[in-house]
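J.: Here's my sequence, what's the structure:
(chains A and B)
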Number of protein chains: 2
Amino acid sequence: MAYHGYQGGAQTNYPPPGYQYGNTAPGGFTRGAPSMAHIDPAIQGWFYAVDTDRSGAITANELQKALINGDWSPFDLDTVKLLMNLFDVDHSGAIGINEFAGLWKYIQDWQQVFRQHDRDRSGAIGINEFAAALRGFDLDVPPGLLTIVQWKYASTSGPGRRPELTFDRFMRASVTIRQLSETFQRLDTDRDGWIQINYDEFMKTVLSLP
Amino acid sequence: MAYHGYQGGAQTNYPPPGYQYGNTAPGGFTRGAPSMAHIDPAIQGWFYAVDTDRSGAITANELQKALINGDWSPFDLDTVKLLMNLFDVDHSGAIGINEFAGLWKYIQDWQQVFRQHDRDRSGAIGINEFAAALRGFDLDVPPGLLTIVQWKYASTSGPGRRPELTFDRFMRASVTIRQLSETFQRLDTDRDGWIQINYDEFMKTVLSLP
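T.: From the prediction side, this is the model:
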């Protein structure tokens, strides 16, 4: 293959075990519609704490208020929407308790990945740690692109300040780059590293990203 | 031309008058490096209020703390970075006072565009208002894409709730869709509505968007 990209092979820690993005297929985490009796009481407790208007479902805005990074900054809305998009499997616009159980586990699994790559235990991922994480996901980002990605997803920046990614942006960056790479691979049917794409599909592909 | 997209022609209110994105060319707003004597004292006052650490330059994080939507929500970081990217013309990683004067005017011009399209004066742009705004910018978004764009950029959503865009996300959505459309047009050298693009350029194009 002539292009860098997701090379397949062993999936070490990405995506977190047991998950497939947007999975509603047999074997997915919502199959069998578990009753609340099967949901960990701790998760039930969290669900009711996040569902502040007691509607029985969690909106993006409620979820955003509940999710905090290691530095106490709130999750950015685009990351919250990424999560909603993955777990609102019945497309109701909100997360029910069964969907929430999956979302909760997903975040926990990603936190584990984050901690594993935050080697200096700063609570944020530096650009070298991020590059290593992408390699760990078998995602080969073209070298010239790392600076762009670093600028785009860093939560902190400024003169003399090391650009770093908080947890929310680390998760969003990883999922977006993976999705982008997979989209290209899907369109590159003859595997020559080039794709042909028309305007509507180009816009749809890009604007569907997290 | 066989594809929808930015059709050129009369630029009614987009981009706000006097601006070109990322413009450092002659005629751009940074030419002549005006001394502080030429900067409106009100803008100087705002600059020093935003520059909370008195460093003489404004970082993305300082700017984010200062920018508030009509509903008192802070600007999202990606919109702040879009602004930094446009106005940090010397690539110092922060905004000096001359750069700030341009940024300030840019936001004011966009606010005018926002108010003009917020026909029901709700302080947020509904999806029909947004579609009308895009048409006003001569940006023709494929019909099937409006739902995706609505989901992606809405600041509020949930069952029974009308998805709406706050000012920050309205500005970011408009700039992103415009940039995307222009990128496609630039790559579509033979104007047949199709482009050929390789992996590296595809990744770079998409990850360089705001």
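J.: phi, psi of residue A:196?
T.: Main-chain dihedrals, residue A:196, degrees, to the nearest 10: phi -110, psi 130.
J.: pretty sure it is touching residue B:195, no?
T.: Yes: Residue A:196 is within contact range of residue B:195, at 7.3 Å (criterion: Cβ atoms under 8 Å). C-beta here means a position set from N, CA and C on the backbone, and glycine is covered the same way.
J.: okay, now residue A:53: neighbour count?
T.: 11 (other Cβ atoms under 10 Å in any protein chain shown).
J.: now the one 5 residues further on
T.: Here the number of neighbours of residue A:58 (other Cβ under 10 Å) works out to 28.
J.: State the distance from it to residue A:166.
T.: 21 Å (Cβ to Cβ, to the nearest Å).
J.: got it, and residue A:79?
T.: From residue A:79 to residue A:166 the distance is 9 Å (Cβ to Cβ).
J.: in whichever strand or helix holds residue A:98, what counts as buried?
T.: In this assignment (DSSP states H and E), residue A:98 forms part of helix A:97-117. The neighbour-count check on helix A:97-117 (16 or more other Cβ atoms under 10 Å in any protein chain shown) flags A:97-107, A:109-110, A:113-114, A:117 as buried.
J.: Which residue ranges of chain A form helices?
T.: Here chain A has its helices, by DSSP state H, at A:41-50, A:60-66, A:77-87, A:97-117, A:127-136, A:146-153, A:167-187, A:199-207.
J.: of all those helices, which lies closest to residue B:89?
T.: helix A:146-153 (15.1 Å; Cβ to Cβ).
J.: Tell me the buried residues in that closest one?
T.: So for helix A:146-153, counting by 16+ other Cβ under 10 Å, buried means A:149-153.
J.: Show me which of those is closest to residue A:64.
T.: residue A:153 (17.8 Å).
J.: Now for the closest residue to the closest one other than its chain neighbours: which residues touch it?
T.: Distances taken as Cβ to Cβ, 6 or more residues apart in numbering or on different chains put residue A:173 closest to residue A:153, at 4.1 Å, once the chain neighbours are dropped. Shown in contact with residue A:173 (Cβ atoms under 8 Å, 6 or more residues apart in numbering or on different chains): A:130, A:149, A:152-153, A:165.
J.: Of all pairs in those, which one is the farthest apart?
T.: Top of the distance list for the contacts of residue A:173 (Cβ to Cβ): A:130 and A:152, 11.2 Å.
J.: measure residue A:76 to chain B for me?
T.: 6 Å (Cβ to the nearest Cβ, to the nearest Å).
J.: what's the pLDDT at that residue?
T.: Residue A:76 carries a pLDDT value of 92.
J.: For stretch A:54-69, give me every contacting residue.
T.: A:46-53, A:74-75, A:77, A:79-81, A:83-84, A:92-97, A:100, A:107, A:123, A:155, A:166-168, B:156-159, B:161.
J.: could you give the mean pLDDT of stretch A:41-61?
T.: 94.
J.: If you count neighbours, what's buried in it?
T.: For stretch A:41-61, by 16+ other Cβ under 10 Å, it's A:43, A:46-47, A:50-51, A:57-61.
J.: Same question for stretch A:79-90.
T.: A:79-89.
J.: so which pair among those residues is furthest apart in space?
T.: Between any two of these (Cβ to Cβ), the greatest distance is 18.4 Å, for A:79 and A:89.
J.: still on that earlier bit, please say which of residue A:196 and residue B:195 ends up with more neighbours.
T.: Neighbours per residue (other Cβ under 10 Å) separate residue A:196 from residue B:195, with residue B:195 holding more: 23 against 12.
J.: Count the neighbours of the closest residue to the more buried one other than its chain neighbours for me.
T.: Leaving out its chain neighbours, the residue that sits closest to residue B:195 by Cβ to Cβ, 6+ apart is residue B:187, at 4.3 Å. Per other Cβ under 10 Å, the neighbour tally for residue B:187 reads 15.
J.: just the one 10 residues further on next, same as before
T.: When neighbours are defined as other Cβ under 10 Å, residue B:197 has 20 of them.
J.: do residue A:91 as well
T.: Neighbours of residue A:91 (other Cβ under 10 Å): 8.
J.: pLDDT at it, what is it?
T.: For residue A:91, pLDDT reads 85.
J.: residues contacting residue A:104?
T.: Taking Cβ under 8 Å, 6+ apart as the test, what residue A:104 contacts is A:43, A:46.
J.: can you check residue A:100 too?
T.: Contacts of residue A:100 by Cβ under 8 Å, 6+ apart are A:43, A:46-47, A:50, A:58, A:87.
J.: Which one of these is nearest to chain B?
T.: Nearest to chain B out of the contacts of residue A:100 is residue A:58 (Cβ to the nearest Cβ; 8.9 Å).
J.: so the closest one bridges to which residues?
T.: Bridge pairing for residue A:58 (DSSP bridges) gives the partners residue A:95.
J.: Surely residue A:172 is in contact with residue A:78?
T.: Yes: applying Cβ under 8 Å, one finds residue A:172 in contact with residue A:78, separated by 6.2 Å.
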